[in-house]
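Asks: Need a 3D model of the following:
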Amino acid sequence: ASANPVDEIEFPKNVPRKKRGAVRDEDLLKGARQMSGSTLHVVLMLRNTGVRVAELFHLDDRDFDYETKTIRLRSVVGATTKNYESRETIMTPTVEAIMRAHGGRPPRQWVKHRTYETRFFILKSKIGFAWDNHSLRHAFNTKLRGANIPKHIAETYMGHTSGKTINDTYTSYTPDFVNAAIEAVDFGHQLLTEEQNVVTMRSPRKKDGNKSEGFSGFYGPKMEPRAGIEPDRSSKIKGLEQNPKISKNQRVWKKA
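Replies: Residues are numbered from 1 along each chain as shown. Coordinates of the predicted model:
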């Protein structure tokens, strides 16, 4: 045959089940305030870098350049990018603060990919927010385009294949462009501040949270009193008359 007989047949298109869009900052704040620890940190890193979840968990510590404020995504065997090309994206102050909080270690060293996915979807079903991980990537691109960052630079950060023949790599990573992009997409630093100011439930008398005041002996030097026995009634318990009907095993509290 001189030609393919099925060239003129139109194949069915892969239509997504739902249309994904960029999550708004106010909606992201509502959901992110219900998160904590590694889950919150991964969400903020996805929002501030625009990388895919799999790409984020393949990063190594040497991929973070704090001087140029960029993150290198390498296309290597077993950890390739989607378009099979290495690229760079920006590193905002929020990402830098998260990395320093974990001692410069990449996300895969302080949380597993599957663990994060499980925690995220449990929180999503419990809280009921509509956005997902890919919505964070859309939000990153929206912020770049809203700040008038050139399209080919935004495509480079996102890892999209540009249709243009000119790929100006020299202007893509100049300090002016990097700083403009960082200022446009930086988000969530206030959430890290709120996370550090969270106060756990402790007794008002425990100012440092380490010492236990007023309890010793039966309760131990650093143990809370057992439920149902108040500290100021311990002397009254010793003065109670013993009920002869109580068995020997039920009189342990009197010895205490």
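Asks: Where does the prediction get shaky in the stretch 1-150 of the chain?
Replies: The stretch 1-150 of the chain contains residues with pLDDT under 70 at 1, 15-19, 78.
Asks: just to confirm, which helix or strand has residue 148 in it?
Replies: Counting by DSSP states H and E, no helix or strand carries residue 148.
Asks: Kindly report the same for residue 46.
Replies: Assessed by DSSP H and E, residue 46 sits inside helix 37-49.
Asks: which residues touch that helix?
Replies: 28, 32, 35, 51, 53, 56, 71, 89-92, 94-95, 98, 101-102, 107, 110-111, 116, 119-120, 123, 133, 136-137, 139-140, 185-188, 191-192, 195 (CB atoms under 8 Å, 6 or more residues apart in numbering). No exception for glycine: its C-beta is placed from N, CA and C like everyone else's.
Asks: Sort out which of those residues are buried, if you could.
Replies: Taking 16 or more other CB atoms under 10 Å as the criterion, what is buried in these is 28, 32, 35, 51, 53, 56, 71, 89-92, 94-95, 98, 107, 111, 116, 119-120, 123, 133, 136-137, 139-140, 185-188, 191-192, 195.
Asks: What about those, which are in strands?
Replies: Judged by DSSP state E, strands contain the following of these: 71, 89-90.
Asks: Serialize these to JSON lines and add fields for distance to residue 128.
Replies: Formatted as JSON lines, those follow (distance: CB to CB, whole Å):
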{"residue": "71", "distance to residue 128": "32"}
{"residue": "89", "distance to residue 128": "30"}
{"residue": "90", "distance to residue 128": "31"}
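Asks: and of these, the nearest to residue 13?
Replies: residue 89 (29.8 Å; CB to CB).
Asks: Double-check the closest one against residue 51; I have them as touching.
Replies: Yes - counting by CB atoms under 8 Å, residue 89 does reach residue 51; the two are 6.2 Å apart.
Asks: Okay, buried residues for the helix or strand encompassing residue 157 please.
Replies: Residue 157 belongs to helix 151-158 when assigned by DSSP H and E. For helix 151-158, burial by neighbour count (16+ other CB under 10 Å) applies to 152-158.
Asks: One more: stretch 9-28?
Replies: 22-23, 28.
Asks: Ok, stretch 140-148 next?
Replies: Buried residues in stretch 140-148 (16+ other CB under 10 Å): 140-144.
Asks: In helices, which of those appear?
Replies: In this view, these that belong to helices under DSSP state H are 140-144.
Asks: nearest to residue 176, of those residues?
Replies: residue 144 (14.4 Å).
Asks: ok, now how distant is the closest residue in space to the closest one that isn't next to it in sequence from residue 52?
Replies: In this structure, residue 144 finds its nearest non-sequential neighbour in residue 154, 4.3 Å apart by CB to CB, 6 or more residues apart in numbering. Here the criterion is CB to CB, to the nearest Å. By it, residue 154 lies 15 Å from residue 52.
Asks: Over to residue 34?
Replies: Counting by CB to CB - residue 34 and residue 52 are separated by 23 Å.
Asks: Pick out whichever of those two has more residues nearby.
Replies: In terms of neighbours (other CB atoms under 10 Å), residue 52 is the more surrounded of residue 34 and residue 52; the figures are 19 against 12.
Asks: Going by residue numbers, what spans are helices in the stretch 1-150 of the chain?
Replies: Shown for the stretch 1-150 of the chain, the helices assigned by DSSP state H, counting those that start in this stretch span residues 25-32, 37-49, 53-56, 93-101, 113-127, 133-146.
Asks: Between helix 37-49 and the fourth one, find me the angle.
Replies: An angle of 140 degrees separates the directions of helix 93-101 and helix 37-49 when computed by axes from the mean of the first three to the mean of the last three CA atoms, to 10 degrees.
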